[in-house]
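> A structural model of the following input is requested.
(chains A and B)
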Amino acid sequence: MSVPRYWRCIPQRIKMEALKCKSCGKTIYPPRARCIYCGGNDFETYVIPEKGRLISFSIIRHAPIGFEHTTPYVVGIVEFENGLRISSQITDVDINELKIGMEVEQVFRKVTEDGKSGIIQYAIKFRPIFQNI
Amino acid sequence: MRKVAIISYGMTKVDRHWNKSLRDLFSEATLKALSRVDIPKVDAIFVGNMCASDLCDQNNIGTLIADHIGMISIPAYRIEAACGSGGAALHCGFMAVSSGIFDIVIVGGVEKLTDGTGKKVTLSLGKAADFEYEVFYGITFASLNALIMRRYMEVYKVPRDAFADFAVLMHKNGAKNPYAQLQFEIDRETVLKSEDIADPIKLYDCSPIGDGAAVVILCPLEDASKYSDSFVEIAGIGSATDTIDIASREDLLLFKSTLIAANNAYKMAKVSPSDIDLVEIHDAFTINAALSLEALGFSKRGEFDKLLYDGAFEPDGIIPVNLSGGLKSRGHPVGATGVYQVAEITMQLLGEAGKNQLKNAEIGLAQNMAGVASNSFVTILRRYK
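Below is the predicted model of the structure:
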């Protein structure tokens, strides 16, 4: 992956910026040129909350190139207070403790790297919130 | 708008065709289709293909095919809509003939997955999803379907076994289809004890990796009898898109693109789900069967398992599903699948389906889709009387 290609997605993958439509008030992620609900094109930035709920998950055993050394790993859909949902990796979790509905929070992690000389790709993933910490 | 007929079809067996290339497969299916009809010319070729750029290092597929089948100088187009490429190619061919731009067109789909190695194939197929916001995180195509499947089981309390039992039915049908990749029967345990791919999806919930090509020949319905004494009418088509990433959907358990595409196709053909005699659905994963049948109007939402256990989807049921064995057993040469489905329905309507032949089939429906129903192509065929 080229550096600019990674770099231009930093607002989404690291700053967790979604869009809020000024016409209908709904939030969308990934960002689009026009709102998927009302077609509006006037947006403000909406920062995705730190915490959300896991509404589905899968444990990947057969990985594509770039992820072969990290299996098994978990991916999921996280839902936030206002109903916005995003797909991401779920990390720092014992796969036997995964549950639909569990609370998760953002955490900064490495995703993969592009061979020996390419860039290391980082992003926000989600991890369970442990009550006792 | 002219009415359009399918006057011929040709398919290769879906298989791991180690000794055949992309062009070999397409020409084999084309020559079979051409041998059934007496046509003076071909005006254009529409080819559905998804992965050749990644796995065969080949673009410019339209030219490659036109060259190989001896049709240099006619227009040739490659149509790409991921796993829905075949359905998309068929719809483009239909529009071209219906509009009067072309009279006789070859519509085909071809895929050569075994020219790639395992991880490369997984990545290539994953590109049906949103690369920047899904695939980037290591999300695979199987795992997207797994996310939906877990949600479906949680919301509707449908047991895991129902998905396994759908795979069993597909293999029962596919065992009798000479074109099928996996021509053998399985039982529930085969599925449940198979390897984990992306929990809860196991190996036998997935369609296999294979190669194949399917071709149909289209012409204006009014000319069809000049070229062939057996043909079917494309009575309705419909296609629609949805968000490319799945998390953005308001209802994760609704294949909205299939629902809209089907409604448009039903309207155009002036039929309803109860008029359909047989259906070929896009069961790339067993969960797709449930959501596709619901969106097409053959099952109430969340009740897929009830109908399955009532025998509704069996060859003698209310709505026979995938007599070919479906993507699960016939196989899923991705960009060719949509054309296979249409060729198989054509074969049924013409009474040429051999051991899987359904009696008195008049109207059939094929549903092909890209990604997790981010783009759907529904085609309704009618026996011509």
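> three-state assignment of residue B:59?
coil (DSSP: H, G, I helix; E, B strand; the rest coil).
> List the contacts of it.
B:52-53, B:78 (CB atoms under 8 Å, 6 or more residues apart in numbering or on different chains). All C-beta atoms are positioned from the backbone trio N, CA, C, and that covers glycine.
> what's the spacing between it and residue B:317?
Residue B:59 is 43 Å from residue B:317, where distance means CB to CB, to the nearest Å.
> again, but for residue B:265
22 Å.
> Tell me the bridge partners for residue A:73.
residue A:60 (DSSP bridges).
> Check what pLDDT it gets.
With respect to pLDDT, residue A:73 has a value of 97.
> give me the number of residues near it?
21 (other CB atoms under 10 Å in any protein chain shown).
> Where does the residue positioned nearest the centre of chain A fall, secondary structure wise?
Central residue of chain A (CA atoms, centre = their mean): residue A:88, 3.6 Å from the mean position. Counting by DSSP states H and E, the element that carries residue A:88 is strand A:85-90.
> ok, the next helix or strand after that strand: who's next to it in the sheet?
As assigned by DSSP H and E, the chain's next helix or strand after strand A:85-90 is strand A:103-113. As defined by DSSP bridges, the strand partners of strand A:103-113 come to strand A:51-60 (antiparallel), strand A:120-128 (antiparallel).
> Out of those strands, which is the most enclosed?
For these, the largest average neighbour count (mean count of other CB atoms under 10 Å in any protein chain shown) is found in strand A:51-60, namely a mean of 22.
> List, one by one, the residues from the stretch 1-150 of chain B near chain A.
B:118-120, B:122-123, B:126, B:130, B:132-140, B:142-143, B:146-148, B:150 (CB under 8 Å from any CB of the partner chain).
> Tell me where chain B has strands.
B:4-11, B:44-48, B:76-79, B:105-112, B:196-199, B:201-202, B:211-220, B:232-241, B:278-280, B:363-370, B:375-383 (DSSP state E).
> tell me the most buried of these?
strand B:105-112 (a mean of 32).
> how far does that strand sit from the chain's center?
With CA atoms, centre = their mean, to the nearest Å as the basis, strand B:105-112 stands 12 Å off its chain's centre.
> would you turn the contacts of residue B:59 into a markdown table with pLDDT?
Formatted as a markdown table, the contacts of residue B:59 follow (pLDDT from 0 to 100):
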| residue | pLDDT |
| --- | --- |
| B:52 | 97 |
| B:53 | 97 |
| B:78 | 98 |
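> so what's residue B:134 up against?
A:87, B:126, B:144, B:245-246.
> same thing but 6 Å
A:87, B:245 (CB atoms under 6 Å, 6 or more residues apart in numbering or on different chains).
> Phi and psi next, for it.
phi -130, psi -60 (degrees, to the nearest 10).
> Any regions of chain A where pLDDT drops low?
A:131-133 (pLDDT under 70).
> Show me it divided up by domain.
A:9-48, A:49-133 (automatic domain parsing).
> same check, this time on chain B
B:4-117+B:209-227, B:138-202+B:235-383.
> Check the separation of the first and last residues in stretch B:278-292.
Start-to-end span of stretch B:278-292 (CA to CA, to the nearest Å) is 14 Å.
> Quick one: residues contacting the closest residue to residue B:151 other than its chain neighbours.
Once flanking residues are discounted, residue B:151 sits nearest to residue A:56: 4.4 Å by CB to CB, 6 or more residues apart in numbering or on different chains. By CB under 6 Å, 6+ apart, the residues touching residue A:56 are A:77, B:147, B:150-151.
> C-alpha coordinates for the helix or strand of chain B with the lowest mean pLDDT, CSV please?
Lowest on mean pLDDT, DSSP states H and E among the helices and strands of chain B sits helix B:118-126, with a mean of 89. Below are the C-alpha coordinates for helix B:118-126, written out as CSV (Å, rounded to 0.1, in the frame of the first residue of the first chain):
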residue,chain,number,x,y,z
GLY,B,118,-5.1,-19.9,-1.6
LYS,B,119,-4.4,-16.5,0.1
LYS,B,120,-4.4,-14.7,-3.2
VAL,B,121,-7.8,-16.1,-4.0
THR,B,122,-9.1,-15.1,-0.6
LEU,B,123,-7.9,-11.5,-1.1
SER,B,124,-9.2,-11.3,-4.6
LEU,B,125,-12.7,-12.5,-3.6
GLY,B,126,-12.6,-10.1,-0.7
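> Residues touching that helix, excluding its own?
Here helix B:118-126 has contacts from A:64-65, B:51, B:54-55, B:113, B:135, B:140-141, using CB under 6 Å, 6+ apart.
> follow-up on the earlier one: show me which of the residues of the stretch 1-150 of chain B next to chain A are buried.
With burial judged by 16 or more other CB atoms under 10 Å in any protein chain shown, the buried subset of the residues of the stretch 1-150 of chain B next to chain A is B:120, B:122-123, B:126, B:130, B:132-140, B:142-143, B:146-148, B:150.
> how much space is there between the residue nearest to residue A:51 when sequence neighbours are not counted and residue A:92?
Setting aside the residues directly before and after it, residue A:51 is nearest to residue A:105 in space (CB to CB, 6+ apart), at 4.9 Å. Residue A:105 sits at a distance of 10 Å from residue A:92 (criterion: CB to CB).
> Same check on residue B:322?
Relative to residue A:92, and taking CB to CB, residue B:322 is found at 42 Å.
> re earlier: will you turn the domains of chain B into a markdown table that also has distance to residue A:18?
Putting those into a markdown table (distance: least, CB to CB, whole Å) gives the following:
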| stretch | distance to residue A:18 |
| --- | --- |
| domain B:4-117+B:209-227 | 25 |
| domain B:138-202+B:235-383 | 10 |
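> residues contacting residue B:237?
B:91, B:94, B:265, B:379.
> Which one of those sits in the busiest neighbourhood?
residue B:379 (28 neighbours).
> beta partners of that one?
residue B:237, residue B:366.
> Residues of chain A that sit close to chain B?
By CB under 6 Å from any CB of the partner chain, the residues of chain A that approach chain B are A:9, A:30, A:56, A:58-62, A:64-65, A:67, A:75, A:77, A:85-89, A:100.
> With that, I have no additional questions.
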